[in-house]
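Asks: my questions concern the predicted model and sequence given below.
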Amino acid sequence: MPLFLFAALAPLLLVVSLLGLPCYGSPDDDKDRPTAQSLRATLLYGQAAYPAPNARSVPLAFGLSAAVPGLGQAYNRQWLKAAVAVGGELAVIFAYSSWRSRGMDGRDAYQAFAHRSWSPVRYAYWLNDYVSYLNSLPDGHTVDVSPINVAADFALIDLSDPDSWSQADRLEVQSLILEIQAVENAVYHPETGASFSHKLPLFGEQQYYELVGKYFQFAPGWEDYSFVVRDGIPRWVDENGKYLVSIDPEATASDGSKPNVSPLFRQYAHDHAQANDFLRRASRVTILLIVNHVLAAVDAAVFTKLHNGRLRTALGIAQDVRGIQATATVRWML
């Protein structure tokens, strides 16, 4: 709510400036204002009969509010405006801090979620069965690619805790993903005949966490995806050589849904999108910081200029149809 209040109030700084409301913010300024008597004296004797107000620095007022909104207004003794500018700055900083904190916490949470529940090993086993499935289709084309070799020592790598990996473990995981990418380059979607549009990025990259919960081709890597376990490994073909319905995560139901996609995939996609949404909000709200600084700086400069204005008079003689007349003009000079 403070952010929305600021968004409504901050533009008033510039609007009020353009309206030209008085910038005198304290009783001390009253003595600087011209009175009727002083104006009459000026018109009669051609000289100012009131003290000139103390001039203020326009660049200083601008610079103060450009650096810290509200300082220029305080310099002009406009305390209410100073409070609005400072309040707007604090509201934006609070919103940025809150949204960024929630976004970073959410990012840490969904990455830990992926480490626990999505496995490149399980995805590699699925790709091997998927190649066999594509080659079994009567109207498909042959996929000529070597199967992914999932090393036996992968069982010793704790995929849920990458911080505990040794350098050898990291190289093993990287080697596996490179083999996965080679197979992804060769396979296709049986419904459309199109090649896979995305390849699994290397572990830990930003796109790694982006893709595993965004594209259905990665759904088999989630632990609740439908598969059977034979000889201690996940398989998508039963003991009779019949492929499970879940062999194709891209299969589309009559209502347009993807029935083979698991709940964990959808939950992860939701959590990932929510965290990124908070981070986007934090990024966008920084624009309001710039707007607040600019509005406050312009407002301070305009009102300082108005404060430095002077009433100037000029006496003269002019001739018109009525004859020779004495003239007097009063001008507001900036």
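Replies: Arrived safely. The model shown is predicted, which means the values in this text are computed figures rather than measured ones. Residues are numbered from 1 along each chain as shown.

Asks: for the protein, longest helix please?
Replies: helix 263-307 (DSSP state H).

Asks: all strands of the protein, in order?
Replies: In order along the chain, the chain carries the following strands (DSSP state E): 228-230, 233-235, 310-320, 323-333.

Asks: which residues of the stretch 101-250 of the chain fall in helices?
Replies: 120-136, 167-184, 206-211 (DSSP state H, counting those that start in this stretch).

Asks: deepest of those helices, which one?
Replies: helix 120-136 (a mean of 20; mean count of other CB atoms under 10 Å). C-beta here means a position set from N, CA and C on the backbone, and glycine is covered the same way.

Asks: re earlier: give me the distance from the longest helix of the chain to the chain's centre.
Replies: Centre-to-centre, helix 263-307 and its host chain are 7 Å apart (CA atoms, centre = their mean, to the nearest Å).

Asks: show me where pLDDT drops low in this protein?
Replies: Scanning the chain for pLDDT under 70 picks out the ranges 1-53, 310-334.

Asks: what is the neighbour count of the closest residue to Phe227 other than its chain neighbours?
Replies: Of all residues not flanking Phe227 in the chain, Pro234 sits nearest, at 4.4 Å (CB to CB, 6 or more residues apart in numbering). By other CB atoms under 10 Å, the residues close to Pro234 number 21.

Asks: for Leu159, grab phi and psi.
Replies: phi -70, psi -20 (degrees, to the nearest 10).

Asks: is the residue nearest to Phe227 in contact with Val228, as I believe?
Replies: Yes - the pair Pro234 / Val228 is scored as a contact, 7.5 Å apart, by CB atoms under 8 Å.

Asks: got a list of what Pro162 touches?
Replies: 115, 203-204 (CB atoms under 8 Å, 6 or more residues apart in numbering).

Asks: ok, which of the helices of the stretch 101-250 of the chain comes nearest Gly87?
Replies: helix 206-211 (36.1 Å; CB to CB).

Asks: output the contacting helices and strands for that closest one.
Replies: Counting contacts by 3 or more CB pairs under 8 Å, 6 or more residues apart in numbering; DSSP states H and E, helix 206-211 is packed against helix 79-117.

Asks: and the angle from the helix it packs on to helix 263-307?
Replies: Relative orientation of helix 79-117 versus helix 263-307 (axes from the mean of the first three to the mean of the last three CA atoms, to 10 degrees): 160 degrees.

Asks: what is helix 79-117 packed up against?
Replies: helix 2-9, helix 12-19, helix 71-75, helix 206-211, helix 263-307.

Asks: in that helix, what counts as buried?
Replies: 81-82, 84-89, 91-92, 95-96, 99-100, 102-103, 106-107, 110-111, 113-115, 117 (16 or more other CB atoms under 10 Å).

Asks: do I have it right that Val58 meets Phe303?
Replies: No - at 9.5 Å, Val58 and Phe303 do not qualify as touching, with contact defined as CB under 8 Å.

Asks: who has more neighbours, these two?
Replies: Each of Val58 and Phe303 has its neighbours counted (other CB under 10 Å); Phe303 has more, 29 against 17.

Asks: returning to what we had before: of all the helices of the stretch 101-250 of the chain, which lies closest to Asn260?
Replies: Closest among those, using CB to CB: helix 120-136, at 11.3 Å.

Asks: and the contacts of the closest one?
Replies: Against helix 120-136 from outside (CB under 8 Å, 6+ apart): 140, 142-143, 145, 147-148, 150, 154, 159, 173, 176-177, 179-180, 183-184, 186-188, 190, 200, 203, 218, 220-223, 225, 227, 233-237, 243, 247-248.

Asks: of those residues, buried ones?
Replies: By 16+ other CB under 10 Å, those give 145, 148, 150, 154, 159, 173, 176-177, 179-180, 183-184, 186-187, 190, 200, 203, 218, 220-222, 225, 227, 234-237, 243, 247-248 as buried.

Asks: from Ser283, how far off is Glu210?
Replies: Distance, Glu210 to Ser283, using CB to CB, to the nearest Å: 17 Å.

Asks: distance between the ends of stretch 239-256?
Replies: 31 Å (CA to CA, to the nearest Å).
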